[in-house]
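Chemist: the following comprises the amino acid sequence and a computationally predicted model.
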Amino acid sequence: MIEADEDVDRNGLRVVQSLLDDRVCGSAVYRHSTASTNSDALGDLQRANVSLEQLPRLYIADRQTAGRGRQGNTWLSSEDSLTFSLTIAFDLLAVDRRGLLSLAAGLATARAIEFLFAPVSAFLKWPNDVYLANGKVAGVLIETNQAMADRVVVGIGVNINEQPIVENADAAPVQSLFSATGRTTSRFELLEPIVTEFMEIVAMIGESPDSVLAEFRTRCFLTNKSIAFRDGGIDYQGTVQGIAEDGALLVQTNAGLKRCDSGAVRLVRVQR
Ligand SMILES: O=C(O)CCCC[C@@H]1SC[C@@H]2NC(=O)N[C@@H]21
């Protein structure tokens, strides 16, 4: 079942309907304009307004007026961006594998971009920024609300034909799929493969997390790089050793080997 505004993109509506017809999603909310699809999804959780049958529930908007990024950044995006959120049941993943959810969203986006823009290669900057060449083309924001703590909201933003403005001095260099490849695409062409890949990867994490981790490790360009990061208010420097079984980043620092959890750590600098 789709709840949609009158003035949404008709092509987009068809794609959303096909995700429901194919049972990739259980329900969808499609707004022409909204503050933030993550906020819409969290609002429904706050009101305990999401039944199990409605999951995965897709929230999509033609434009966001107050999009949010990780670490309190602002994510400003126009109709040249793809912005959506998915609410899924947390128990699709065993407790010790939930850290991999963050990697799954970036991986799904990377696979979908490569599928549509072959032969480009998409890389991942832990935990889930998607890069083409030297710039970030997509980001992921994962949030929960205590009112329905057994659900999780996964928000994905992809810069399609223009670069978004990221209001933070530390922000990674940004680019769009167009600026990186010279090719234009409809943002809705990407929606279907990202959502489908994401749900497949989540299922795969339940069955065989090693293959998901192996793919993430291959795509992750931080390994052996020198990074600076902040964890619990303390600044560290070190060399990335790799990704642990639970998705944590392993960094060799002067204070020893540190495990970085994606929710807590802020990468300040990455050696290029
Ligand atoms: O790289 C980041 O900092 C994460 C960006 C996440 C942006 C997406 S767009 C859809 C969803 N709604 C939001 O307000 N944010 C996420």
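Modeler: Here it is on my side, so go on.
Chemist: close to the ligand, is stretch 139-156?
Modeler: Yes - Stretch 139-156 reaches the ligand (CB under 6 Å from any ligand atom) through Gly139, Val140, Leu141, Gly155, Ile156. Glycine gets a C-beta too; all of them are placed from N, C-alpha and C.
Chemist: which residues touch the residue of the stretch 51-200 of the chain found nearest the ligand?
Modeler: Relative to the ligand, the nearest point of the stretch 51-200 of the chain is Gly139 (2.0 Å; CB to the nearest ligand atom). By CB atoms under 8 Å, 6 or more residues apart in numbering, Gly139 lies in contact with Gly69, Arg70, Trp75, Asn128, Asp129, Val130, Ile156, Gly157.
Chemist: re the thing from before, any idea which of the residues of stretch 139-156 next to the ligand is closest to Thr65?
Modeler: Each of those was scored against Thr65 by CB to CB, and Gly155 proved nearest at 14.8 Å.
Chemist: what is the residue of the stretch 51-200 of the chain closest to the ligand paired to in the beta sheet?
Modeler: Gly139 has these beta-bridge partners by DSSP bridges: Gly157.
Chemist: how about the residues of this structure near the ligand?
Modeler: 36-38, 64, 67-70, 73, 75, 83-85, 129, 139-141, 155-157.
Chemist: which secondary structure state does Glu192 sit in?
Modeler: The assignment at Glu192 comes out as helix when based on DSSP: H, G, I helix; E, B strand; the rest coil.
Chemist: I'd say it and Val15 touch.
Modeler: Yes - between Glu192 and Val15 a contact is recorded at 5.7 Å, counting by CB atoms under 8 Å.
Chemist: residue contacts, the spatially closest residue to Ile243 that is not a sequence neighbour?
Modeler: Sequence neighbours aside, Arg217 is the residue nearest to Ile243 in space, at 5.5 Å (criterion: CB to CB, 6 or more residues apart in numbering). Arg217 makes contact with Thr223, Gly242, Ile243 under the criterion CB under 8 Å, 6+ apart.
Chemist: and the helices in the stretch 101-250 of the chain?
Modeler: 177-181, 187-207, 209-219 (DSSP state H, counting those that start in this stretch).
Chemist: which one's more surrounded, Glu192 and Val15?
Modeler: Neighbours were counted for Glu192 and for Val15 using other CB atoms under 10 Å; Val15 has more, 19 against 16.
Chemist: just to revisit the earlier point, closest to Arg269 among the contacts of Gly139?
Modeler: Distance to Arg269 across the contacts of Gly139 (CB to CB) is lowest for Asp129, with 14.3 Å.
Chemist: contacts only, for the closest one.
Modeler: Gly106, Lys136, Ala138, Gly139, Val140, Ala172.
Chemist: again with Phe216
Modeler: Here Phe216 is in contact with Leu103, Gly106, Leu107, Leu124, Ile243, Gly247 (CB under 8 Å, 6+ apart).
Chemist: give me the angle between the helix or strand harbouring Tyr59 and helix 187-207.
Modeler: Taking DSSP states H and E as the criterion, Tyr59 maps to strand 57-64. Angle of strand 57-64 versus helix 187-207, following axes from the mean of the first three to the mean of the last three CA atoms, to 10 degrees, is 150 degrees.
Chemist: could you pull out the buried residues of stretch 51-58?
Modeler: The neighbour-count check on stretch 51-58 (16 or more other CB atoms under 10 Å) flags Gln54, Leu55, Pro56, Arg57, Leu58 as buried.
Chemist: report the mean per-residue pLDDT for it.
Modeler: Averaged over stretch 51-58, pLDDT sits at 96.
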